[in-house]
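K.L.:
Here is my input, please return the structure:
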Amino acid sequence: MSENAQGLTKKSAGHVIVDTLAAHGVERAYVVPGESYLDVLDGLHNSSVETIVCRHEGGATYMAEAEGKMHQRPGVAMVTRGPGAANAHVGLHTAWQDSTPLVLFVGLIPFEHREKEAFQEFDPKAWFGTGAKRVMILDHAERASEVVAEAMFAAMSGRPGPVVVGLPEDIIRNKISAELHPEIPVATGGMTVTDWKSLNSALQEADKPLFIFGGNDWSDQGAADFTRWLEEHDLPAAAEWRCEGTVPFNSPSYVGPIGYGRPKPTYDLLEETDLLIFVGTVPGDVITDGFNIRQNWEKKNFLVTIDPSLRGRSGPVSHQIVAKPDVFVRDLLLMDLPVKDSWKEWTARMRGEQEKFAALPTTEPANGPAKMATLMANLVTALPEDAMVTFGAGEHTNWAHRYFPTNGYASMLSARNGSMGYSIPSAVAASLNYPGRRVVTIAGDGEFLMNGQELATATQYGATPLVIVMDNQQYGTIRTHQERQYPERVSGTQLQNPDFALMAQSFGGFGVRVESDSEVPAALEAAVKAIDENKTFALIHLIVEQGVKAY
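P.N.:
Numbering: from 1, shown residues only. The predicted model follows:
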């Protein structure tokens, strides 16, 4: 820090960037270091923003994306140019399709080296322009704080999503005024009088209304208020795929998940209901089973989303309410409706179907190989009320969809773009954000090895997730599709795996390998004990049979 002739404080642009992040409430940055943004790394030294050093750029952006899901402010990742930026792209795609606020800072070559095919040179706008809300390059050092404020605003405003900020390594070393740009307020919308009257009338006319909640733009209070209003009116709500928890698992209004591999009762709901109200999401590809369900233009759909473009929507739109979920719920609480007997019967019927679907299998082990059913039964009965679950993509995720008790907003973190490798990074981020909370991640064997190295990050920063690796020696989801389209011609889906328990131990955590079902309860007890007493992560390597599915 220095002063100019007028006595005004000056700092490098890199340090001002960090100061601006701190002023915006950013608590941690997930980084893979590079010489291209050393001045920002120097700014993080002794900053209130904690630096989480990750082992791969994909893991870093997944962690930042998961943090964006847990809060309404963007998660922050930092990577270097060229290969580092390429590796980070998977997290951007996840944030784009999942509507998650994320800011990715990318170190760049020096300004004067552009257009010369310099070492690790690439065009950020060409690479990221179609998969980010904005791509901004800091070409003028004095705009450093402004650009960060704009990036944070862009990531949160409207439909949330990822923003990329390029940082030329010479520009960020320049000394500039240390004055910070103020935070830019984000518009939240709300119900107009017309919106309120239209929804009120539609609900009173409906005998089988259904709310579908989703997205990452809720607060704990908004989710709790929404749940209370639903329960007071005996109205049902289903979860968008991989968005369970906003209406709790144990709520009498919660009637199950809707998405790939959905249980049949909730699959049928979309056609049977006479009024659908989407809150925080829209009827997209996955919910409508490939744009096939609920496409009749006579159907009545209300869409509550802050995105006026309705990007990703299919089927009829009866009315759009431009509002973020919390603000919609604030206005919804003023709507006191007479409860119909038909609502009670409809909700009770679907809740009964959900309770049957989610009923736990026996905790008693069976003879023979280890079973996920036994593990889930023993796990769920021992979970605290505020337990969280994370996972990536694959058939193993359905065990969580079916049984895990998600009792609060952001108690389920996953990648709705079907991205593998998300389980471990998201579990690390969840554990860092909520130390002492029981964080469970369920990973497939194929998925685990895509970012399992981030267990080193868990050890370094004291994250303590419980990791379940379901090892069926194959890419299970792809094998299922393969058997359907090319029966008895297994190709490219089988795996030979290492001992994941030994890997966990080598990273400094607890690891146990389980092959027999009789070993499951003791292994789970030992893993939980290691977390609670040794303050380390724990991994259960569960060897299961192929072809055994959650549903």
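K.L.:
And the nearest residue to Q496 once chain neighbours are set aside, how far from D445?
P.N.:
Nearest residue to Q496, sequence neighbours excluded (Cβ to Cβ, 6 or more residues apart in numbering): Q473, at 7.1 Å. Bear in mind the C-beta positions are built from the backbone N, C-alpha and C, glycine included. Q473 is 7 Å from D445, where distance means Cβ to Cβ, to the nearest Å.
K.L.:
more crowded one of the two?
P.N.:
D445 (26 against 16; other Cβ atoms under 10 Å).
K.L.:
So that one sits against T493, correct?
P.N.:
No: taking Cβ atoms under 8 Å as the definition, D445 is not a contact partner of T493, at 11.8 Å.
K.L.:
tell me, what's touching the two both at once?
P.N.:
Q474 (Cβ atoms under 8 Å, 6 or more residues apart in numbering).
K.L.:
State which helix of this structure is the longest.
P.N.:
helix 341-358 (DSSP state H).
K.L.:
and that one, what other elements does it pack with?
P.N.:
strand 254-258, helix 264-272, helix 397-403 (3 or more Cβ pairs under 8 Å, 6 or more residues apart in numbering; DSSP states H and E).
K.L.:
can you pull the buried residues of stretch 248-255?
P.N.:
248-249, 251-255 (16 or more other Cβ atoms under 10 Å).
K.L.:
Off-centre distance for that stretch?
P.N.:
Distance, stretch centre to chain centre, for stretch 248-255: 21 Å (Cα atoms, centre = their mean, to the nearest Å).
K.L.:
I'd like the mean pLDDT over that stretch, please.
P.N.:
Across stretch 248-255, the average pLDDT comes to 97.
K.L.:
try stretch 493-501
P.N.:
On average, stretch 493-501 scores 88.
K.L.:
i'd like the first residue to be 9 from this point on
P.N.:
With 9 as the first residue, the last one maps to stretch 501-509.
K.L.:
what residues does it touch?
P.N.:
By Cβ under 8 Å, 6+ apart, stretch 501-509 touches 453-454, 456-457, 460, 477, 479, 481-483, 486-487, 490, 519-521, 547-549.
K.L.:
In helices only, show me those.
P.N.:
Using DSSP H, those in helices are 453-454, 456-457, 486-487, 490.
K.L.:
Pull out the buried residues from the residues you listed.
P.N.:
453-454, 456-457, 487, 490.
K.L.:
ok, of the residues you listed, which one's closest to Q105?
P.N.:
G454 (20.6 Å; Cβ to Cβ).
K.L.:
Ignoring the adjacent residues along the chain, who's closest to that closest one?
P.N.:
Per Cβ to Cβ, 6+ apart, closest to G454 is Y483, 4.7 Å.
K.L.:
so that neighbour touches G402, yeah?
P.N.:
Yes: between Y483 and G402 there is a contact under Cβ under 8 Å: 7.4 Å.
K.L.:
Which one's more surrounded, these two?
P.N.:
Neighbour count, other Cβ under 10 Å: between Y483 and G402, G402 has more, with 24 against 21.
K.L.:
now the more buried one: how far from A74?
P.N.:
Taking Cβ to Cβ, one finds G402 at 17 Å from A74.
K.L.:
for P170, same thing?
P.N.:
Counting by Cβ to Cβ, the gap from P170 to A74 is 13 Å.
K.L.:
before we move on, what about G92?
P.N.:
19 Å.
K.L.:
How about L340?
P.N.:
L340 is 28 Å from A74, by Cβ to Cβ.
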